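Peer 1: predicted model and sequence below, questions to follow.
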Amino acid sequence: MTRQQHIDFLERDIKNAIETGLKMTVSFIAKNCCAACDKIDGKEISMEKLLDTRPLPYKECIRQGECACCYAFNPVRDANGRLIEHKYK
Ligand SMILES: [Zn+2]
């Protein structure tokens, strides 16, 4: 996968997550990429932070070729276990 293909793939995932209309948190699936990415594997950030910073492809990635990391989108539930609607811009 080229860098641009990876970016397109990540952007499609972000778009799909937004289109669910649900409040989400985001975590990094960054295992087995490289030593730098191992350190962010499983780290959770807010959707707002993701949209502000677009942290992947990880700028510190040292993998030969291209960063292979992606996002996992995790729907947030309220105290009653219900999904929460939210519109991200
Ligand atoms: Zn990496």
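Peer 2: Great, that's in hand. These figures come from a predicted structure and were not determined experimentally.
Peer 1: how about low-confidence regions in the protein?
Peer 2: In the prediction, the chain carries no residues with pLDDT under 70.
Peer 1: how about the strands in it?
Peer 2: Secondary structure of the chain (DSSP state E): strands located at 24-29, 44-46, 70-75.
Peer 1: neighbours of the residue nearest to residue 44 when sequence neighbours are not counted, how many?
Peer 2: Of all residues not flanking residue 44 in the chain, residue 27 sits nearest, at 4.5 Å (C-beta to C-beta, 6 or more residues apart in numbering). Every C-beta, even on glycine, is put in place using the N, C-alpha and C of the backbone. Per other C-beta atoms under 10 Å, the neighbour tally for residue 27 reads 15.
Peer 1: tell me what residue 27 is bridged to.
Peer 2: Beta-bridge pairing for residue 27 (DSSP bridges): residue 44, residue 72.
Peer 1: and it, how far is that from the ion?
Peer 2: For residue 27, the distance to the ion equals 15 Å [C-beta to the ion, to the nearest Å].
Peer 1: ditto for residue 84
Peer 2: 32 Å.
Peer 1: is it true that that residue touches residue 76?
Peer 2: Yes - when contacts are counted by C-beta atoms under 8 Å, residue 84 is listed as touching residue 76 (5.4 Å).
Peer 1: okay, and the common contacts of the two?
Peer 2: Common contacts of residue 84 and residue 76 (C-beta atoms under 8 Å, 6 or more residues apart in numbering): 22-23.
Peer 1: returning to that earlier point: who's in contact with the residue nearest to residue 44?
Peer 2: Residue 27 sits next to 42-45, 71-72, 74 when contact means C-beta under 8 Å, 6+ apart.
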